[in-house]
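give me the fold of what follows.
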Amino acid sequence: MRHIVLHNHLFKNAGTSVDHILQQNFKTKWISAEFKSEGFENTNDLEQLINANPQAVAFSSHTIRGPLPQMKGVQLIPIVLLRDPVDRIASAYRFERVQDANTRGALLARQNGFAGYVHARQSIAGDRQCQNFQTSRLADLAPEIPGGELARACHAATVLMHRGVLGFVSDFDNTMDRLGSRLKPHFPSFSWQPVVANTSRQNGANSISPEMRKMLLETNQDDVELLRYVKMAMRQASTRAEAAHVTGMV
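The predicted structure is shown next:
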């Protein structure tokens, strides 16, 4: 069985730090790649990338869409980090404001203050960066599940927790420890050291007013609910594990 670490790199969710750790461990066996079919299902493209690089054991991408591939002889170990949606949006703004790029987000960040940036992005059809971004990205992984986007995202979160590691930026060290435990049976030499990469430091000029924070929480309610669901599922899993451990000692 070939074991593959698959990092679904969500923008401004400490993904660069995760990539650094993967690169440090796997060197040339770690591959970062993006797909031209952004916004559309690219399950087949991801499968072809894995098959075309038989020496690789870890892959990272910002643009994974659609169900994770089911591949004969391959076990995918996905890792995804989630973040408080308001903190994530503020971090995206700070990053894009100083980014040397002419992307839509970078242009809007340079042309506007934080509130203007948010309102501009929320007014663009199909732009999810400031509106339930994390829910939309996890829902992409489970398009076959009935119900709305949040239901699909919660289902995908459950699958991710079962097959790999789903964690939080605010609990980064513990998430990396869990990743290490998950990978040790297949990659015994895996290790990590605290690292902060590609951070966007906040300053007073970028502080969020209470009114703006309230608006963002309202327009990102699905992301708030998704994080609440994941935290509850993690607590339940921890309780079951502790009960099983105690039962095994009796």
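
report all helices and strands that the lengthiest strand in the chain contacts.
In the chain, with assignment by DSSP state E, the single longest strand is strand 74-82. If you count contacts as 3 or more Cβ pairs under 8 Å, 6 or more residues apart in numbering; DSSP states H and E, strand 74-82 packs onto strand 2-8, helix 15-26, helix 149-163, strand 165-168, helix 172-183, helix 221-249. In this view, the C-beta of every residue, glycine as well, is placed from N, C-alpha and C.

just the buried residues of the third one, please?
To tie it back to what came earlier, the one meant is helix 149-163. By neighbour count with 16 or more other Cβ atoms under 10 Å, helix 149-163 contains the buried residues 149, 150, 152, 153, 154, 155, 156, 157, 159, 160, 161.

now mean pLDDT too, for the helices and strands packed on strand 74-82, in a markdown table please.
Output for these, formatted as a markdown table (pLDDT from 0 to 100):
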| stretch | mean pLDDT |
| --- | --- |
| strand 2-8 | 98 |
| helix 15-26 | 97 |
| helix 149-163 | 97 |
| strand 165-168 | 98 |
| helix 172-183 | 97 |
| helix 221-249 | 85 |
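
so which of those is nearest residue 214?
Nearest to residue 214, of all these, is helix 221-249, at 11.5 Å by Cβ to Cβ.

how far off centre is that closest one?
Helix 221-249 sits 19 Å away from the centroid of its parent chain (Cα atoms, centre = their mean, to the nearest Å).

need the contact list for residue 35.
42, 45, 46, 61, 63, 64, 65 (Cβ atoms under 8 Å, 6 or more residues apart in numbering).

could you measure from it over to residue 62?
9 Å (Cβ to Cβ, to the nearest Å).
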